[in-house]
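Q: sharing a sequence plus its predicted fold:
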Amino acid sequence: MEQLNEVRRPLDDAIYVQVNERLEGIYCCLERCLIQSALVLLFSAIDSMAWLNMPAVQEDVKGKDFTLWVDHYMVNPEYHIRKLIEITGNAELEVLKLSCSANDLYSARCGIVHSWTA
């Protein structure tokens, strides 16, 4: 198990760095009221997470991968919140639910990313 952790650690660190960099870009855009740019970065980050979550035999992320990831981690995050509470011991974490569906978010993503509309 320790050998697996040694192999996994650099990959986890690289992913962590990339996610943090993307989040920093989103925060910078929001601080400067660059809302569309922040949304492009946000949707790109979700695409990246969906890519990490897709089957190994699949080469490209598809709309279904995006919506599956959003459903699992954003629309129904209760399981992950419970795990975070277990890991951190912070019982004050609350579950925030989206007020839209994964398909709604994917439609907004396509509009913003491809034609600058929502």
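A: Received, thanks.

Q: quick check: next helix or strand after the helix or strand that contains L84?
A: Using DSSP states H and E, L84 maps to helix 78-88. Next along the chain after helix 78-88, taking DSSP H and E as the criterion, comes helix 102-115.

Q: buried set for that following helix?
A: A102, L105, Y106, R109, I112 (16 or more other Cβ atoms under 10 Å). Bear in mind the C-beta positions are built from the backbone N, C-alpha and C, glycine included.

Q: how about the second one, nearest residue that isn't a chain neighbour?
A: The one in question is L105. For L105, ignoring the flanking residues on the chain, the nearest one in space by Cβ to Cβ, 6 or more residues apart in numbering is V70 at 5.4 Å.

Q: the most centrally placed residue in the chain: which element?
A: The centroid of the chain falls nearest to I46 when counting by Cα atoms, centre = their mean (3.8 Å). If you go by DSSP H and E, I46 is part of helix 35-53.

Q: just want the angle from whichever helix or strand comes after that helix to helix 35-53.
A: Sequence order places helix 63-70 as the next helix or strand after helix 35-53, per DSSP H and E. Helix 63-70 and helix 35-53 are oriented at 90 degrees to each other (axes from the mean of the first three to the mean of the last three Cα atoms, to 10 degrees).

Q: which other residues reach helix 63-70?
A: For helix 63-70, contacts defined as Cβ atoms under 8 Å, 6 or more residues apart in numbering pick out 46-47, 49-51, 53-54, 58, 98, 102-103, 105-106, 109-110.

Q: and the two most separated of these?
A: Maximum pairwise distance in the contacts of helix 63-70, criterion Cβ to Cβ, is 25.1 Å, between Q58 and L98.

Q: state the distance from L23 to Y16.
A: 11 Å (Cβ to Cβ, to the nearest Å).

Q: between the two, point out the one with more neighbours.
A: L23 (13 against 10; other Cβ atoms under 10 Å).

Q: tell me which element the more buried one falls in.
A: helix 2-31.

Q: what's the mean pLDDT across that helix?
A: Helix 2-31 shows a mean pLDDT of 76 in the predicted model.
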